[in-house]
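Asks: Okay, predicted coordinates and the sequence, questions at the end:
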Amino acid sequence: MVIKRIFNNYKGLPQSVYILFIARIINSMGAFVYPFLTLFLTDKMGIKEQQAGMYFFLAAMVSVPGSLLGGFLSDRIGRKKIILIFQSLAALCFVPCGFLGNSMLIPWLLIMASFFGGAVQPANSAMMADLTDESNRKEAFSLLYLGINVGFAIGPLIAGFLYENYTSLIFYGDATTTFISLILVYKFVKETKPSHEDIIESTKIESDEKAEKGNIIRVLIKRPSLIAFSLVATIYSFVFVQHGYSIPLQVKEIFGANLGSKMYGTLMTTNAVVVVALTSVITSITKKLKPVQNISLAGIMCAIGFGMLYYANSYWIFFLSTVIWTVGEILNVTNTGVYIANHTPMSHRGRFNSILPIITGAGYAVGPLIMGGYIEKFSIRMVWPITFTLAIGAATLMYGLYMIEKKRKARAK
């Protein structure tokens, strides 16, 4: 009964959301390439670690102009067209990698795939905003996040069995599942880009989602709360990136390279299991709270989860920490897209969803760079007091933003 009541939260969503949910599971289940990319480049192709890192950096960099292009075009020609065209191009980049052997063309094809993949993300986010409103948006974003993680919980496991003796199938499998997911979108999801009439009609109502005229900078300046939100979200991404950077360094230091790597693998499995098991539960419990309140709560969970690692000396502390900060991750991820959608004009959804993730995700880029020097000067254990302070500070700022918006709405009434 409890499980049934929890999943009732997802009832009544638009049919297209359920199709996208299934498509995300299939696409994520076949995400074979990137989890094993480091191993493939260094082990199969014999590329040095530094050179492999350069390819990763280039792939991350080209996704930025890809995102900007995809956001612009999705507001011009439609979300569905951009998803179908650019995700197909990304999948096609994987196909030749399956038969090129050790050719140095492979890293460049993967960089091209990253560009095309970057163009898809703002179109996906804009489509979700088009399909929902404030009454059901939190549940819809939660469902798609759940779908992605269900797929990712299975995909790398399959890829692990294929990697050693059937490496080419990793590339073919990733491309195949992408095309299957795109067939579902093509057949069952209609174009969601607001019509000219919808845009005109939206200007008659008082809402942060009403259409605006002008370029993205001019329109964004009119939304200071969204700018403030994005800047604070950068602190969150700085905190979250430590799970992939500082935690493996700490378990390696405490338990040694061999045992530490295995322990870190189990922690990431724990992260995936908690996401799949608790996303629906947490969405149900927090559904009456505003997105920014939930994100503030996420900061507190991260402060506790990461902060306790200062005292970590056993595996079980790392395990408990992972459960706690993963709850923060769920709260953050399932509500950030909702907040952005609720404050984005329908006329600029594609462009806003191309530029705002660049701002909010800046912490992922600079976090390892800054903490790397900090760890060398102090120690890995001293990362966590800083992380605790940043998380509490970000949570406080998010709650302050909630109070400001609450007062603004009260005055408007």
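Replies: Received the coordinates, thanks. Numbers count the residues shown, from 1 in each chain.
Asks: Where does the prediction get shaky in the protein?
Replies: In the predicted model of the chain, residues 1-7, 32-39, 42-43, 49-50, 52-53, 156-157, 159-160, 163-164, 257, 412-413 satisfy pLDDT under 70.
Asks: domain parsing for it?
Replies: Per automatic domain parsing, the structural domains of the chain span 15-189, 216-412.
Asks: Where does the nearest residue to Tyr55 once chain neighbours are set aside sit, in terms of helix or strand?
Replies: Using CB to CB, 6 or more residues apart in numbering and skipping the chain neighbours, the partner closest in space to Tyr55 is Pro107 (4.5 Å). Where you see a C-beta, it was placed from the backbone N, CA and C, and this is true even at glycine. According to DSSP states H and E, Pro107 maps onto helix 105-131.
Asks: Same question for Leu169.
Replies: helix 167-188.
Asks: Next: Phe56.
Replies: Assigned by DSSP H and E, Phe56 belongs to helix 49-76.
Asks: re the thing from before, now the angle between helix 105-131 and the helix holding Leu169, please.
Replies: Inter-element angle recorded for helix 167-188 and helix 105-131: 30 degrees (by axes from the mean of the first three to the mean of the last three CA atoms, to 10 degrees).
Asks: Which strands and helices lie in contact with helix 167-188?
Replies: helix 15-29, helix 79-97, helix 137-163 (3 or more CB pairs under 8 Å, 6 or more residues apart in numbering; DSSP states H and E).
Asks: quick one: buried residues of that helix?
Replies: 167, 169-179, 181-182, 184-185 (16 or more other CB atoms under 10 Å).
Asks: Tell me which residues are up against stretch 288-300.
Replies: 138, 229, 233, 236, 239, 286, 327-332, 334-336, 338-339, 342, 391-392, 394-396, 398-399, 401-402, 405 (CB atoms under 8 Å, 6 or more residues apart in numbering).
Asks: Identify the residues contacting Ile358.
Replies: Ile358 touches Val64, Ser67, counting by CB under 8 Å, 6+ apart.
Asks: Which among the domains of the chain is found nearest to Glu201?
Replies: Closest to Glu201 of the domains of the chain is domain 216-412 (CB to CB; 10.0 Å).
Asks: Can you tell me, leaving aside adjacent residues, what's nearest to the residue nearest to the spatial centre of the chain?
Replies: Central residue of the chain (CA atoms, centre = their mean): Val333, 6.8 Å from the mean position. The shortest distance from Val333 to any residue other than its chain neighbours is 5.6 Å, reached at Tyr145 (CB to CB, 6+ apart).
Asks: Over to Asp75?
Replies: Nearest non-adjacent residue to Asp75 (CB to CB, 6+ apart): Gly350, at 3.9 Å.
Asks: Flag every buried residue along the helix or strand containing Pro357.
Replies: In the assignment (DSSP H and E), Pro357 maps to helix 349-360. If you call a residue buried by 16+ other CB under 10 Å, then helix 349-360 has these buried ones: Arg349, Gly350, Arg351, Phe352, Asn353, Ser354, Ile355, Leu356, Pro357, Ile359, Thr360.
Asks: Kindly indicate whether Ala394 is helix, strand or coil.
Replies: Reduced to three states with DSSP: H, G, I helix; E, B strand; the rest coil, the structure at Ala394 is helix.
Asks: number of nearby residues for it?
Replies: Ala394 has 28 neighbours, counted by other CB atoms under 10 Å.
Asks: repeat for Lys288
Replies: For Lys288, the count of nearby residues is 8 (other CB under 10 Å).
Asks: Now do the SS call for it.
Replies: coil.
Asks: measure it to Ser296 for me?
Replies: Between Lys288 and Ser296 the computed distance is 15 Å (CB to CB, to the nearest Å).
Asks: do the same with Asn342
Replies: Between Asn342 and Ser296 the computed distance is 16 Å (CB to CB).
Asks: Next: Gly307.
Replies: Relative to Ser296, Gly307 is positioned 16 Å away (criterion: CB to CB).
Asks: which of the two has more neighbours?
Replies: Neighbours per residue, other CB under 10 Å: of Gly307 and Ser296, the larger number sits with Ser296, 24 against 20.
Asks: before we move on, which element is the more buried one in?
Replies: helix 291-307.
Asks: Can you name the element that comes right after that helix?
Replies: Next along from helix 291-307, by DSSP H and E: helix 315-342.
Asks: Next, the buried residues of the strand or helix carrying Thr387.
Replies: Thr387 is located in helix 383-412, with elements delineated by DSSP H and E. Burial within helix 383-412, assessed by neighbour count using 16+ other CB under 10 Å, is assigned to 383-384, 386-388, 390-392, 394-395, 397-399, 401-402, 405.
Asks: Right, I'll call it a day here.
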